[in-house]
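J.: this one's structure only:
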């Protein structure tokens, strides 16, 4: 275990926000997580992994715990599925690459998403018609408010759109250490969400998991800024879901509005489209801005504080509300 005092978290969040934490613990196995929790009992704590979906609003007066547990292990395989457990500290995109290299299917559409495996159930990460909940079997971790470990199956995780029990009843009550996935031994590709099919057809690429991964990464790279160059947390807002009458009212004025029906009967409208049509794409507010190629992304142009990013967020929400009557919700976790 590694312990740091009065540490600047700038390199540990993809927004590149400079903020100090009283302490930070890097934990490389479950025993070290237990030890970090023991040492910080009664204090304010926050768990981060890759720091790719957080916005630091100021200095953190407490302890940051980073579960950096590695390893990917095949637990069981049958005729249809292979069950794989990955440590919370494994880079998500490395896990996707590993799955494809081992002939396993189900996560290829999730290529290129930054962050660690441990964060994927918290956010129920998703892209191009696939969500983490589609492949997660169970989530294990250490309780923070009682002795012992937890082991939740997918149903108990209460997954929703960019949502899970870890954002509600389990918030602050546990540190995820491992996630077990049920990956298919047979391909069942999803090509019709976003531009995957068009990208592959333009390159005359054979439909394989590796080629889908390559197409997804090219699409993402063409739209999303590299946080190493310009600080950001990827998609800042959730795509809002509205009832059909509200969607029809907007479409009456904007016939080209993209939308997707949800299993619940609601209509999902891309937040990026709403932001762009409201005139906020590329707009700046001090050192924070809406990205000029992907309106769903707020960027740190250099030296922005968490308050600067939030001011930009509030300006976007206000403009979209005024233009479309829709209240956007931040996908990024505020710390």
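T.: All right, it came through fine. What you see is a predicted model, and the numbers here were worked out from it, not measured in a lab.
J.: Where does the prediction get shaky in this protein?
T.: Regions of the chain meeting the criterion pLDDT under 70 cover residues 194.
J.: What about the nearest residue to residue 120 once chain neighbours are set aside, how many residues nearby?
T.: Closest residue in space to residue 120, ignoring its immediate chain neighbours: residue 132 at 4.5 Å, by Cβ to Cβ, 6 or more residues apart in numbering. All C-beta spots, glycine's among them, are computed from the backbone N, C-alpha and C. By the criterion of other Cβ atoms under 10 Å, residue 132 has 26 neighbours.
J.: wouldn't residue 132 be in contact with residue 124 here?
T.: Yes. Contact criterion Cβ atoms under 8 Å: residue 132 and residue 124 qualify, at 5.2 Å.
J.: who touches both of the two?
T.: Common neighbours of residue 132 and residue 124, using Cβ atoms under 8 Å, 6 or more residues apart in numbering, are residue 159.
J.: could you list every residue that touches the residue nearest to residue 120?
T.: 110, 120, 121, 123, 124, 125, 126, 159.
J.: Secondary structure and neighbour count for the residues you listed - can I get that in a markdown table?
T.: Putting the contacts of residue 132 into a markdown table (DSSP: H, G, I helix; E, B strand; the rest coil; neighbours: other Cβ atoms under 10 Å) gives the following:
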| residue | secondary structure | neighbour count |
| --- | --- | --- |
| 110 | helix | 24 |
| 120 | helix | 30 |
| 121 | helix | 25 |
| 123 | helix | 22 |
| 124 | coil | 21 |
| 125 | coil | 23 |
| 126 | strand | 21 |
| 159 | coil | 21 |
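J.: Show me which of those residues is closest to residue 96.
T.: Within these, proximity to residue 96 (Cβ to Cβ) peaks at residue 110, which comes in at 5.9 Å.
J.: In this protein, which strand is the longest?
T.: Criterion DSSP state E: the longest strand present in the chain is strand 174-184.
J.: Give the other helices and strands that the very next helix or strand once past that one contacts.
T.: With elements assigned by DSSP states H and E, the helix or strand that comes after strand 174-184 is helix 196-202. If contacts are counted by 3 or more Cβ pairs under 8 Å, 6 or more residues apart in numbering; DSSP states H and E, helix 196-202 sits against helix 209-223.
J.: could you pull out the helices for the stretch 201-335 of the chain?
T.: 209-223, 244-253, 271-277, 306-324 (DSSP state H, counting those that start in this stretch).
J.: Let me know which of the ones you listed is the nearest to residue 29.
T.: helix 209-223 (29.9 Å).
J.: Next, the buried residues of that closest one.
T.: Under the neighbour-count criterion of 16 or more other Cβ atoms under 10 Å, helix 209-223 has 209, 211, 212, 213, 214, 215, 216, 218, 219, 220 buried.
J.: Same check on stretch 150-169?
T.: 150, 152, 154, 157, 158, 159, 161, 162, 163, 164, 165, 166.
J.: which two from these end up farthest apart in space?
T.: 150 and 161 (23.3 Å).
J.: Can you name the residues that contact the spatially most central residue of the chain?
T.: Note on the chain: the residue nearest the mean C-alpha position is residue 125, at 4.7 Å, using Cα atoms, centre = their mean. Applying Cβ under 8 Å, 6+ apart, one finds that residue 125 lies in contact with 92, 110, 113, 115, 119, 131, 132, 162.
J.: show me where the stretch 1-150 of the chain has helices.
T.: 30-39, 92-101, 120-123.
J.: now for the last one, which elements pack on it?
T.: In terms of contact count using 3+ Cβ pairs under 8 Å, 6+ apart, helix 120-123 is assigned the packing partners strand 136-143, strand 174-184.
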